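Participant: Next come a sequence and a model predicted from it.
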Amino acid sequence: MYNESKLWVGINDAGEKICLLPKMANRHGLVAGATGTGKTVTLKVLAESFSDMGVPVFMADVKGDIAGLSMPGEDSENMQNRIQRFGLAEAGFGFKGYPVTLWDIYGDKGVTLRTTITEIGPLLLARLMELNDLQSDILSIVFKIADDNNLLLIDTKDLKAMLNYVSEHNSEFEAQYGKMSPQSIAAIVRALVALEVAGGDKFFGEPAVNIMDFFSFGDMGKGMINILDSSSLINNTKLYSTFLLYLLSELFERLPEVGDMDKPKMVFFFDEAHLLFKDAPKALLEKIEQVVKLIRSKGVGVYFCTQNPRDIPDGVLAQLGNKIEHGLHAYTPSDQKAVKAAAESFRENPAFNTYETILSLGTGEAVVSFLGEDGIPSMAEKTYILPPQSNFGSISDSQRDTLIKSSICYSKYAEAVDPDSAFEFLERRGIEEAQAQAKAKEDAEAEKQREKEAKEAEKQREKEEKEAARAAEKAERDAAKKAEAEAKAAQREKEKEEAAKKRAAKSVGNTITGTVGREVGKTVGGKFGKFGKTLGGNIGASLGRGIFSTLFNK
């Protein structure tokens, strides 16, 4: 409860108010205690006080009852007894609800809360995917390659496309970035798919949350209480703790230095804080310690809520100046040692034994120590925590739906968008490369076809030349044969003509000589009478032809 410009948390046995000073609230704090000891009520009382003071708050709702901050508390006999016991009526206590914005990574029970792969970074993402050191190094290199090539990694499909691209073009990156085995990249891709199955595909995307939206105010200037519904998210402890750490890191990186202020700019409650440090690598623990140490100068107070102080590493625990320790159990020597360590972390109060008191605290009771004006922790005080002014329990589905849709952030983050990023760029490049390869293959095949056609044309030309040569040779032979035949024919014709001439000449000669011989024979034979004349004529003709044939060789 915000009272007299202080955060009134409870009263001690003497009825004195135990208060947290606003200007010391950014020195961080711890709320610890076993299950059922009243930590949730304490968180509500603190959140209400900060809201009344005009300081925005961010907190997780693991069990589903923190959302009751939005509704007024209900009066009862028990509440009236507590109001009377604490003297709350005189201090202006009244049942009221507070300005609340509900957020949910899955978008079911609150305004959808997203971030991008690039913004969460390789360190947190490696933890989220439970990568080993080698795989984490490769993931960092892939982020570097994407950054060097101005490729946006918005969602899981962008990172998956980038991993596959690096694997396929490994040889191109090896000289500049080092060797990255395809097997290691394949293991990262499998881890990324597992993250998608766990809801990471909804966690990563656009529009990404703008943390400045957490710095809003309700009526009368009350700080907005931003509640991350974690009833489902807590089942994935790595995603839960990594996301809260991401938000804390974003606050650290984006807020300007403001030094010491009269009151914080914002208070961040980290419930189930042991999940943040469980199995965290050394590099991450160093980052957490650095953020916690330096973020107070940005005006942000961080309050870790866990069951046992030993859940918090010493380097971080040393930064937590404001402590509220609810009851702890000590059933084993290890538990006793832890309770003793918790008791010794308080400034001793001679009025009681801190160790024994922590073991005997009832529900709603705590050992408290806040920083004083001088920055020195006050003595431990056994404190009875005030009741919240808001509702103890959760809210109905209809009330939740009304809260979600009435938020000014609802329309801003309701619909996811898929901007042009690494996936689309690499898809276009893949298409272009495929087209280039197809064209190169087509050109090569065309060139091969041209070479084949040229060879075939050359063969055809050579064949035609050979055929032409053979035809020419044949024509020449045929012409020679024809000429020879014609010559022979002419010769035969000549011989034939000469033979004919000879026969004609012979016939004429025979006739002439026969006639001449016949006439001579007739003349000679006539002397021997008529018979002698005829005989002489025939003998003369025959003798004449014989002489003629002898003269002409035929």
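Facilitator: Great, that's in hand.

Participant: Could you list every helix and strand in contact with the helix or strand harbouring Glu253?
Facilitator: Using DSSP states H and E, Glu253 falls within helix 237-254. Counting contacts by 3 or more Cβ pairs under 8 Å, 6 or more residues apart in numbering; DSSP states H and E, helix 237-254 packs against strand 57-61, helix 117-128, strand 266-270, helix 274-277, helix 282-294, strand 300-306. For the C-beta atoms, the positions are set from N, CA and C on the backbone; glycine is no exception.

Participant: Just the helices from the stretch 401-550 of the chain, written as ranges.
Facilitator: 410-413, 422-525, 530-551 (DSSP state H, counting those that start in this stretch).

Participant: For those, which has the smallest mean pLDDT value?
Facilitator: Per-stretch mean pLDDT for the helices of the stretch 401-550 of the chain is lowest at helix 530-551 (a mean of 61).

Participant: Out of the helices and strands packed on helix 237-254, which gets nearest to Glu456?
Facilitator: helix 117-128 (56.8 Å; Cβ to Cβ).

Participant: returning to that earlier point: can you pull the buried residues of the helix holding Glu253?
Facilitator: 238-252 (16 or more other Cβ atoms under 10 Å).

Participant: Can you add distance to Lys481 and give the helices and strands packed on helix 237-254 back as JSON lines?
Facilitator: JSON lines is the format used below for the helices and strands packed on helix 237-254 (distance: least, Cβ to Cβ, whole Å):
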{"stretch": "strand 57-61", "distance to Lys481": "113"}
{"stretch": "helix 117-128", "distance to Lys481": "92"}
{"stretch": "strand 266-270", "distance to Lys481": "115"}
{"stretch": "helix 274-277", "distance to Lys481": "111"}
{"stretch": "helix 282-294", "distance to Lys481": "103"}
{"stretch": "strand 300-306", "distance to Lys481": "116"}
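
Participant: Show me the shaky parts of this structure.
Facilitator: 504-554 (pLDDT under 70).

Participant: what sits against the closest residue in space to Ser5 that isn't next to it in sequence?
Facilitator: Distances taken as Cβ to Cβ, 6 or more residues apart in numbering put Pro22 closest to Ser5, at 6.9 Å, once the chain neighbours are dropped. Listed by Cβ atoms under 8 Å, 6 or more residues apart in numbering, the contact partners of Pro22 are 5-7, 53, 262-264.

Participant: what about burial for the residues you listed, which qualify?
Facilitator: 6-7, 53, 263-264.

Participant: Look at the residue nearest to Ser407 when sequence neighbours are not counted and tell me its secondary structure.
Facilitator: Nearest residue to Ser407, sequence neighbours excluded (Cβ to Cβ, 6+ apart): Thr101, at 5.1 Å. Using DSSP: H, G, I helix; E, B strand; the rest coil, the structure places Thr101 in strand.

Participant: beta partners for Thr101?
Facilitator: Thr101 has these beta-bridge partners by DSSP bridges: Asn226.

Participant: Now do the contacts for it.
Facilitator: 110-111, 216, 224-227, 403, 407, 409.

Participant: Find the pair from those residues with maximum spatial separation.
Facilitator: Farthest pair in those, by Cβ to Cβ: Gly110 and Ser216, 14.8 Å.

Participant: which one of these two has more residues nearby?
Facilitator: For the pair Gly110 and Ser216, the greater number of neighbours falls to Gly110 (27 against 15), based on other Cβ atoms under 10 Å.

Participant: my read: that one touches Asp401, true?
Facilitator: No. Using Cβ atoms under 8 Å, Gly110 is not in contact with Asp401, being 10.4 Å away.

Participant: tilt between the helix holding Glu253 and strand 57-61?
Facilitator: 170 degrees (axes from the mean of the first three to the mean of the last three Cα atoms, to 10 degrees).

Participant: Provide the contact partners of helix 237-254 at residue level.
Facilitator: Residues contacting helix 237-254 (Cβ under 8 Å, 6+ apart): 58, 60, 105, 115, 119-120, 124, 127-128, 130, 195, 198-200, 203, 211-212, 228, 230, 233-234, 266, 268, 270, 272, 275-276, 278, 287-288, 291, 294-295, 298, 300, 302.

Participant: switch to 7 Å and redo it
Facilitator: 58, 60, 105, 115, 120, 124, 127-128, 130, 198, 203, 211, 230, 233-234, 268, 270, 275-276, 288, 291, 294-295, 298, 300, 302 (Cβ atoms under 7 Å, 6 or more residues apart in numbering).

Participant: Put the buried members of those residues into a PyMOL selection.
Facilitator: To isolate the buried members of the contacts of helix 237-254 in PyMOL, using 16+ other Cβ under 10 Å:
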select buried, resi 58+60+105+115+120+124+127+128+198+203+211+230+233+234+268+270+275+276+288+291+295+298+300+302
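
Participant: rewinding a little: and the residue nearest to Ser407, how close does it get to Ser216?
Facilitator: 7 Å (Cβ to Cβ, to the nearest Å).

Participant: Need the overlap of contacts for those two.
Facilitator: Counting by Cβ under 7 Å, 6+ apart, the residues touching both Thr101 and Ser216 are Met224.

Participant: In contact with Pro281, which residues are there?
Facilitator: Arg127.

Participant: Quick check: phi and psi on Asn3?
Facilitator: phi -150, psi 130 (degrees, to the nearest 10).

Participant: go on, Ser5?
Facilitator: phi 60, psi 30.

Participant: now swap in Ser396 and tell me
Facilitator: The phi/psi pair for Ser396 (degrees, to the nearest 10) is phi -80, psi 170.

Participant: okay, now it: neighbour count?
Facilitator: Neighbours around Ser396, by other Cβ under 10 Å: 9.

Participant: Please apply the same query to the one 5 residues further on.
Facilitator: For Asp401, the number of neighbouring residues by other Cβ under 10 Å comes to 13.

Participant: rewinding a little: measure the residue nearest to Ser407 to Phe217 for me?
Facilitator: For Thr101 relative to Phe217 (Cβ to Cβ), the value is 11 Å.

Participant: Mutual contacts of the two, please.
Facilitator: With Cβ under 7 Å, 6+ apart, Thr101 and Phe217 have common neighbours Met224.

Participant: Run a quick neighbour tally on Arg492.
Facilitator: Neighbour number of Arg492 under other Cβ under 10 Å is 11.
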